[in-house]
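>>> need a 3D model of the following:
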Amino acid sequence: MNKIEGGVTAPKGFMAASTAAGIKYENREDMAMVYSKEPCVCAGTFTSNVVKAACVQWDMELVNSGEKMHAVVVNSGIANACTGEEGFAACRKTAEAVNRCLSVPASSVAVASTGVIGMQLPVDKIEAGVEAMSEKLGDGLEDGTKASKAIMTTDTVNKEIAVSFEIGGQTVTLGGMSKGSGMIHPNMCTMLAFLTTDINIEKTLMQEALKEVVQDTFNMITVDGDTSTNDTLMLMANGLAGNPLISKKNKDYEVFKENLFDVCRYLARKMAADGEGASKLFEAKVVNAKSKEDARTLSRAIVASNLSKAAIYGCDANFGRFLCAMGYSGAEFDQNDVELFFVSEAGKMQVFDHGTPIVFDEEQAVKILSCEEVMILVDMHEGTAQATAFGCDLTHEYVTINADYRS
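Residues are numbered from 1 along each chain as shown. Sure, this is the predicted structure:
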């Protein structure tokens, strides 16, 4: 991955802005806009929750329609979920405000919201925010960074990345920003993420690439087992890199998909590490499983277990908790084939070998589990498939944050 400075404004032709609209938070920016004057092909994936926010329904219609996309407007503080016809009308009025300010079709504007469920958006503040941002749009790296900060809710840090790569002799750039800290669980995890690129690619291929990449990146995060009503991942491509159109699954397509995977994995790990109240990134990597689905199921079960997460927080080398989670995951396996290791920058230690516990140095185990990034590595010895799930430890702070969320 050739990581470069910046985020959503790194690719050619993309601009961003943010503003303090006063939707819920005081003394901070809470709205963002990403814009391309050149129309973009767009792709997206969305929450699997049956209860879908109004903005999710709006964006799904945009992606499925084949309409070109110019902009996305994002607000934090209020989720615009479980808000009925009034909530959907707020999406339309937001898009119409962009139409008035930037002279692009309202049907080319995506909207996204994050925050408290069951509250109506103050449309007057949203429209005023659109007007303010339309005048502030800029293509500087700082403009993208400010946008990534404005979409945060309980996040403690903003999350952005940009990469560059070669396609057909042209330099292509892919940028992204995301937010997500709580109510995060696979299919998709609770998150908003927006990716921009200047690559020239057909919409159907871009949608297929995004759908495949999501499976082993954003869909492998779990913080607390709750799947949100608002999960949204959107990708905009304006073609300004000037590369030959990617219209089939050739080498250029694979290069694009590899970089898309790297960007999504980077953002996914950042989100997992910033889970509400988290002090550690907690990963589980399952290798040599019978199937890809088994590997995904087993790794997600490990990081989703509250007992596993509590053990990671307490640096408790209780490997039985991880094996227990694997056992109830639904995947079939023979425990007598399994090896289990603790891994971090402090070292690698085997604690379980083909059905039998290993005598290990407890002090060294604590050192390994005390690092900011900890991995449970499991070798199934049953096949060749592998997968990695991303999570975090479970701390006292998680309860404090969610007990006070509406206030």
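>>> only C-alpha atoms for contact and neighbour calcs from this point on.
Will do.
>>> so how far is stretch 44-55 from its chain's centroid?
14 Å (Cα atoms, centre = their mean, to the nearest Å).
>>> no no, stretch 17-35
In terms of Cα atoms, centre = their mean, the centre of stretch 17-35 is found 20 Å from the chain centre.
>>> could you tell me the end-to-end distance of it?
Its start and end residues considered, stretch 17-35 measures 9 Å (Cα to Cα, to the nearest Å).
>>> contact partners of it?
Around stretch 17-35, the neighbours that count as contacts under Cα atoms under 8 Å, 6 or more residues apart in numbering are 8, 14-16, 70-78, 121-122, 125-126, 128-130, 132-134, 136-138, 143-144, 146-152.
>>> which element is T94 on?
T94 belongs to helix 84-102 when elements are defined using DSSP states H and E.
>>> where do the strands of the stretch 1-150 of the chain begin and end?
With DSSP state E, counting those that start in this stretch applied, the stretch 1-150 of the chain shows strands at 3-4, 14-19, 31-46, 69-78, 109-116, listed in chain order.
>>> closest one to N238 among those strands?
When the strands of the stretch 1-150 of the chain are compared by Cα to Cα, strand 31-46 sits nearest N238, at 4.2 Å.
>>> can you give me the buried ones in that closest one?
31-36, 38-46 (16 or more other Cα atoms under 10 Å).
>>> can you tell me which residues contact P122?
I23.
>>> any idea how far it lies from I358?
According to Cα to Cα, P122 and I358 sit 59 Å apart.
>>> tell me the mean pLDDT for the helix holding T94?
Averaging pLDDT along helix 84-102 yields 97.
>>> that one packs against which elements?
helix 54-65, strand 109-116, helix 123-136 (3 or more Cα pairs under 8 Å, 6 or more residues apart in numbering; DSSP states H and E).
>>> how far does that helix sit from the chain's center?
For helix 84-102, the distance to the chain centre is 25 Å (Cα atoms, centre = their mean).
>>> identify the single longest helix in the chain, thanks.
Secondary structure of the chain per DSSP state H: the longest helix is helix 251-273.
>>> so for it, mean pLDDT?
pLDDT averaged over helix 251-273 gives 95.
>>> now it: buried residues?
Result for helix 251-273 [16+ other Cα under 10 Å]: buried residues 252-253, 256-257, 259-273.
>>> what about the helices in the stretch 151-300 of the chain?
In the stretch 151-300 of the chain, the segments counted as helices under DSSP state H, counting those that start in this stretch are 203-215, 251-273, 292-304.
>>> any low-confidence regions in the stretch 51-200 of the chain?
181-190 (pLDDT under 70).
>>> do the stretch 251-400 of the chain as well
Low-confidence regions of the stretch 251-400 of the chain, defined by pLDDT under 70, span residues 276-277, 398-400.
>>> please, where are all the strands along it?
With strands called from DSSP E, counting those that start in this stretch, the stretch 251-400 of the chain shows them at 281-289, 339-344, 347-353, 356-357, 373-379, 385-392.
>>> what's the angle between the longest one and strand 339-344?
Using axes from the mean of the first three to the mean of the last three Cα atoms, to 10 degrees, the direction of strand 281-289 lies 150 degrees away from that of strand 339-344.
>>> all numbers from here: first residue = 473
Got it, first residue is 473 now, which makes that one strand 753-761.
>>> what packs against strand 753-761?
For strand 753-761, the packing partners by 3+ Cα pairs under 8 Å, 6+ apart come out as helix 723-745, helix 764-776, strand 845-851, strand 857-864.
>>> dump these to CSV, plus distance to K524.
Compiled in CSV, the helices and strands packed on strand 753-761 are given as follows (distance: least, Cα to Cα, whole Å):
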stretch, distance to K524
helix 723-745, 21
helix 764-776, 23
strand 845-851, 33
strand 857-864, 24
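>>> closest one to G711 among these?
Between G711 and the helices and strands packed on strand 753-761, the tightest spacing by Cα to Cα is seen for helix 723-745, at 13.0 Å.
>>> and the closest one, what does it pack onto?
Helices and strands touching helix 723-745, by 3+ Cα pairs under 8 Å, 6+ apart, are strand 631-639, strand 642-651, helix 675-687, strand 753-761, strand 857-864.
>>> tell me which of these sits most buried.
Mean neighbour count (mean count of other Cα atoms under 10 Å) peaks for strand 857-864 among the helices and strands packed on helix 723-745, with a mean of 27.
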